[in-house]
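Q: Below: sequence and its predicted model.
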Amino acid sequence: MMTDRDIQAAREDLAAAFRWSARLNMHEAVSNHFSFAINDAGTKFLVNPAGIHFSRVKASDLVIVDLDEPLPTPEAGGPDPTAAAIHGAMHRNNPQARCVIHLHPKYVTALSTLDDPTIRPIDQNTARFYNRVSYDLGFGGMGLGDEAERLSSTLGNRSVVLMGAHGAMTVGTRVCDAFDDFYYLERAAETLMTAYASGQKLRELDHDVAETTAVQWENYSFDLRNAHLEQIKAILDDEEPAFRD
């Protein structure tokens with residue numbers, strides 16, 4: 001179980017990620033969800049309550065869901081039922097999924113609608129995800145019940161699920177890990193969809209180069225993921241310090 005100090009730090013990291021996602025126009029107003037497991041079993045987690053715009057989320061707004069207790073209704077300050085279902089299943093079934101970020105941004109969502117949504121290695125950012133994405137093409141609705149369990153079983157040992165007709169999810173042991181992955185996932189999707197729009201044949205990196213690039217991303221000597229979120233929080237401290245409240 002995390003300490004109160006650890007939980008507060010996770011709240012502030014999540015609030016920063018929410019607000020920055022709004023600035024990047026990667027949000028869906030009061031929809032989509034970020035969560036962070038606060039116990040080892042993944043049955044208790046922080047998540048955004050229903051009805052708060054991403055650009056206004058504060059650390060104190062996040063609610064704790066306990067899957068062993070009745071779920072508060074959205075009207076009573078609880079989360080969207082799809083958040084409890086999808087994120088609950090991801091946290092319970094995947095030990096690496098301490099943080100789960102789910103979004104429907106423009107380019108990732110467009111990619112998810114293609115008959116073949118594979119992220120092809122055509123540049124440095126797309127190569128980051130080479131053979132490192134799970135693809136779920138069995139969309140069956142909004143993410144309740146069987147849909148949530150199927151999605152959670154799709155992840156495997158990876159950190160990204162591209163959800164057919166539904167955007168994507170990234171997971172990580174820290175908020176900064178999952179957020180950084182999603183930031184670059186959307187950048188990669190933008191590059192790929194722009195290249196597709198040219199109508200020309202893609203020039204893909206060969207296997208060895210793509211794999212080497214992906215490994216270099218994973219083993220980079222400087223903790224870029226943490227630095228990314230720390231800089232976001234520093235900007236918000238100057239411009240929107242209420243995110244920590």
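A: Here it is on my side, so go on. What you see is a predicted model; the values in this text were computed from it and never measured. Numbers count the residues shown, from 1 in each chain.
Q: and residue 233, how many neighbours does it have?
A: The tally of other residues near residue 233 (other CB atoms under 10 Å) stands at 20. To be clear about C-beta, it is placed using only N, CA and C from the backbone, and glycine gets the same treatment.
Q: My error: substitute residue 188 in the last question.
A: Counted with other CB under 10 Å, the neighbours of residue 188 add up to 25.
Q: which other helices and strands contact the helix or strand hosting it?
A: Assessed by DSSP states H and E, residue 188 sits inside helix 175-197. Applying 3 or more CB pairs under 8 Å, 6 or more residues apart in numbering; DSSP states H and E, we find helix 175-197 packed against helix 4-23, strand 33-37, strand 99-103, helix 106-112, helix 124-127, strand 167-172, helix 224-239.
Q: just how off-centre is that helix within its chain?
A: In terms of CA atoms, centre = their mean, to the nearest Å, the centre of helix 175-197 is found 11 Å from the chain centre.
Q: and what of stretch 126-136?
A: That offset, for stretch 126-136, works out to 14 Å (CA atoms, centre = their mean).
Q: buried stuff in that stretch?
A: For stretch 126-136, burial by neighbour count (16 or more other CB atoms under 10 Å) applies to 126-130, 132-136.
Q: Ok, stretch 112-128 next?
A: 112, 117, 119-123, 125-128.
Q: Check which helices and strands the helix-or-strand element of the chain with minimal mean pLDDT sits against.
A: One helix or strand of the chain scores below all others by mean pLDDT, DSSP states H and E: helix 146-154, with a mean of 84. Under the contact definition 3+ CB pairs under 8 Å, 6+ apart, helix 146-154 sits against helix 81-93, strand 134-136, strand 160-163.
Q: Including mean pLDDT and distance to residue 178, could those go into a markdown table?
A: Listed next are the helices and strands packed on helix 146-154 as a markdown table, based on pLDDT from 0 to 100; distance: least, CB to CB, whole Å:
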| stretch | mean pLDDT | distance to residue 178 |
| --- | --- | --- |
| helix 81-93 | 92 | 11 |
| strand 134-136 | 96 | 14 |
| strand 160-163 | 96 | 9 |
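Q: looking at the ones you listed, which is closest to residue 29?
A: helix 81-93 (14.5 Å; CB to CB).
Q: Taking strand 33-37 as reference, get the angle to that closest one.
A: Going by axes from the mean of the first three to the mean of the last three CA atoms, to 10 degrees, helix 81-93 is angled at 30 degrees with respect to strand 33-37.
Q: and helix 81-93, C-alpha only, in PDB?
A: Presented in PDB, the C-alpha positions along helix 81-93 are these (Å, rounded to 0.1, in the frame of the first residue of the first chain):
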ATOM      1  CA  PRO A  81     -18.900   3.300 -15.000                       C
ATOM      2  CA  THR A  82     -16.800   2.600 -18.100                       C
ATOM      3  CA  ALA A  83     -13.700   4.000 -16.200                       C
ATOM      4  CA  ALA A  84     -14.300   1.700 -13.300                       C
ATOM      5  CA  ALA A  85     -14.800  -1.300 -15.600                       C
ATOM      6  CA  ILE A  86     -11.900  -0.800 -18.000                       C
ATOM      7  CA  HIS A  87      -9.300   0.600 -15.600                       C
ATOM      8  CA  GLY A  88     -10.300  -1.800 -12.900                       C
ATOM      9  CA  ALA A  89      -9.700  -4.800 -15.200                       C
ATOM     10  CA  MET A  90      -6.400  -3.400 -16.400                       C
ATOM     11  CA  HIS A  91      -5.100  -2.800 -12.900                       C
ATOM     12  CA  ARG A  92      -6.300  -6.200 -11.600                       C
ATOM     13  CA  ASN A  93      -5.000  -8.300 -14.500                       C
END
